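Engineer: Attaching a predicted model along with its sequence, questions to come.
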Amino acid sequence: MEQIPQIPKEKFKLVHDDNNKEQEKIGTPSLTYMQDVRRRLFKNKVAVVCLTLLSIIVLISVFAPIIAPHNPNAQQVTMSNLPPKLGQLNIPGFNGYQNMGGHMVDAYKQAGAPKDAFYLLGTDYLGRDLLSRIIYGTRLSLVVAVLATLVDLLIGVPYGIVSGWKGGKTDTFMQRIVEIVSSIPNLIVVILMMIVLKPGLTSIVIAIAITGWVTMARLVRAQTFQLKEQEYILAARTLGESSTKIATKHLIPNLSSTIIIQTMFTIPNAIFFEAFLSFIGIGIPAPNASLGTLLSDGQKAFRFLPYQMWAPAIILSIIMIATNLLGDGLRDAFDPQSSDH
């Protein structure tokens with residue numbers, strides 16, 4: 001019988017327990033999905049800057065009654081069209097001087113304003129403080145955005161899940177309804193709401209509620225079609241889980257990335273829609289301020305008093321750009337492969 005060659009003992013090396021544990025030690029801590037998303041989001045400097053800017057704007061809007069220096073609707077006709085002024089500092093553009101007849105004059109002195117009176121962003125044609133009106137106007141625009149988001153979540157998400165989960169004739173019928181709703185222009189819906197209701201926040205919110213949920217419903221439906229074929233969904237159905245329980249335990253958590261990203265794109269769309277309606281005069285009625293009404297008032301005197309339009313335009317631009325960039329950052333954080341395409 002042929003002998004099996006033996007490996008000499010010198011070839012073996014004793015591994016001590018300490019060294020073995022060190023080699024098997026995991027180098028990085030394990031992260032949950034949401035922790036990994038947060039880590040990727042905070043690595044994106046642009047998204048972090050946008051998140052910070054939006055957080056500041058939201059906080060200022062929430063605490064508007066405390067932060068606003070004046071009543072936004074209080075009129076002082078004697079103080080009308082005053083330029084921006086920052087205390088007694090002689091900063092160009094913020095020193096209370098404006099061009100009258102080719103000469104720079106102290107507008108506050110000519111208006112007979114007290115020495116300690118100043119308006120950081122100036123006043124409008126009725127003597128109302130522009131800074132206070134911008135703070136309250138931003139607050140109102142954000143309220144519209146929040147209500148539009150709630151409509152998306154309360155109507156769009158359940159509608160999309162039911163349509164994608166049921167499929168067949170139910171899905172076909174529900175999608176025909178979506179096509180009919182999406183074919184109606186938002187402006188027509190707003191005008192119809194104004195005929196039935198008075199112009200204002202209520203008619204705008206109802207108009208958004210009627211048409212704004214369609215995109216969310218379509219995205220959620222498409223994702224539900226993919227998810228319902230996954231093994232864990234099939235296993236849950238085999239075990240006799242109800243459709244409601246599968247939706248709450250499995251579908252909605254896995255749809256969270258799509259829902260959050262679409263929500264971030266709904267916010268600027270709602271703000272811009274409200275600003276557009278107020279700009280053309282069928283949005284928020286006077287004397288309440290929104291970014292749209294401030295832009296509408298400012299453009300009337302833009303040639304001579306450009307500061308009345310610049311300030312609300314800058315705030316609206318910051319909100320729109322920051323929200324869209326943050327939405328891009330969230331999309332990359334939830335789905336890293338999307339940034340590779």
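Structural biologist: In hand now; what should we look at? Residues are numbered from 1 along each chain as shown.
Engineer: so residue 302 touches residue 313, yeah?
Structural biologist: No - at 9.8 Å, residue 302 does not count as touching residue 313 under the criterion of Cβ atoms under 8 Å. Backbone N, C-alpha and C define where each C-beta goes, glycine included.
Engineer: More neighbours: which of the two?
Structural biologist: residue 313 (18 against 14; other Cβ atoms under 10 Å).
Engineer: Secondary structure element holding the closest residue to that one other than its chain neighbours?
Structural biologist: Once flanking residues are discounted, residue 313 sits nearest to residue 295: 6.2 Å by Cβ to Cβ, 6 or more residues apart in numbering. Using DSSP states H and E, residue 295 sits within helix 291-300.
Engineer: quick one: average confidence on stretch 91-107?
Structural biologist: The average pLDDT for stretch 91-107 rounds to 73.
Engineer: Equivalent analysis for stretch 234-251, please.
Structural biologist: For stretch 234-251, mean pLDDT is 81.
Engineer: And it, what's buried?
Structural biologist: If you call a residue buried by 16 or more other Cβ atoms under 10 Å, then stretch 234-251 has these buried ones: 236, 246-247, 250-251.
Engineer: and if you look at stretch 211-230?
Structural biologist: 211-221, 223-224, 227-228.
Engineer: Likewise for stretch 179-197?
Structural biologist: 186, 189-190, 193-194.
Engineer: Among those, which one sits closest to residue 86?
Structural biologist: The nearest member of the buried residues of stretch 179-197 to residue 86, counting by Cβ to Cβ, is residue 190 at 39.3 Å.
Engineer: which element is that closest one on?
Structural biologist: Under the criterion of DSSP H and E, residue 190 resides in helix 186-196.
Engineer: name the helices or strands packed onto the helix holding residue 295?
Structural biologist: helix 130-151, helix 252-279, helix 307-334 (3 or more Cβ pairs under 8 Å, 6 or more residues apart in numbering; DSSP states H and E).
Engineer: Between helix 252-279 and the helix holding residue 190, find me the angle.
Structural biologist: Put simply, helix 186-196 runs at 70 degrees to helix 252-279, going by axes from the mean of the first three to the mean of the last three Cα atoms, to 10 degrees.
Engineer: and helix 186-196, how far from the chain's centre?
Structural biologist: Its chain's average C-alpha position is 24 Å from that of helix 186-196, according to Cα atoms, centre = their mean, to the nearest Å.
Engineer: ok so, going back, would you convert the buried residues of stretch 234-251 into a markdown table that also reports secondary structure and distance to residue 271?
Structural biologist: Formatted as a markdown table, the buried residues of stretch 234-251 follow (DSSP: H, G, I helix; E, B strand; the rest coil; distance: Cβ to Cβ, whole Å):
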| residue | secondary structure | distance to residue 271 |
| --- | --- | --- |
| 236 | helix | 39 |
| 246 | helix | 35 |
| 247 | helix | 31 |
| 250 | helix | 34 |
| 251 | helix | 30 |
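Engineer: Let me have the residues you listed in CSV, adding distance to residue 285 as columns.
Structural biologist: Below are the buried residues of stretch 234-251 laid out as CSV (distance: Cβ to Cβ, whole Å):
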residue, distance to residue 285
236, 51
246, 47
247, 41
250, 46
251, 42
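Engineer: in stretch 56-70, what counts as buried?
Structural biologist: For stretch 56-70, burial by neighbour count (16+ other Cβ under 10 Å) applies to 57, 60-61, 64, 68.
Engineer: what's the closest of the residues you listed to residue 287?
Structural biologist: Comparing the buried residues of stretch 56-70 against residue 287 with Cβ to Cβ picks out residue 68 as the nearest, at 14.6 Å.
Engineer: secondary structure element for the closest residue in space to residue 322 that isn't next to it in sequence?
Structural biologist: Distances taken as Cβ to Cβ, 6+ apart place residue 50 nearest to residue 322, at 3.9 Å, with adjacent residues excluded. Taking DSSP H and E as the definition, residue 50 sits inside helix 45-62.
Engineer: now do residue 240
Structural biologist: Going by DSSP H and E, residue 240 is not part of any helix or strand.
Engineer: OK, contacts around the most centrally placed residue in the chain?
Structural biologist: Among the residues of the chain, residue 267 comes closest to the average C-alpha position under Cα atoms, centre = their mean, at 3.9 Å. Applying Cβ atoms under 8 Å, 6 or more residues apart in numbering to residue 267 gives the contacts 145, 148-149, 323.
Engineer: one more time with 10 Å
Structural biologist: 54, 141-142, 144-146, 148-149, 152, 319-320, 323-324, 326-327 (Cβ atoms under 10 Å, 6 or more residues apart in numbering).
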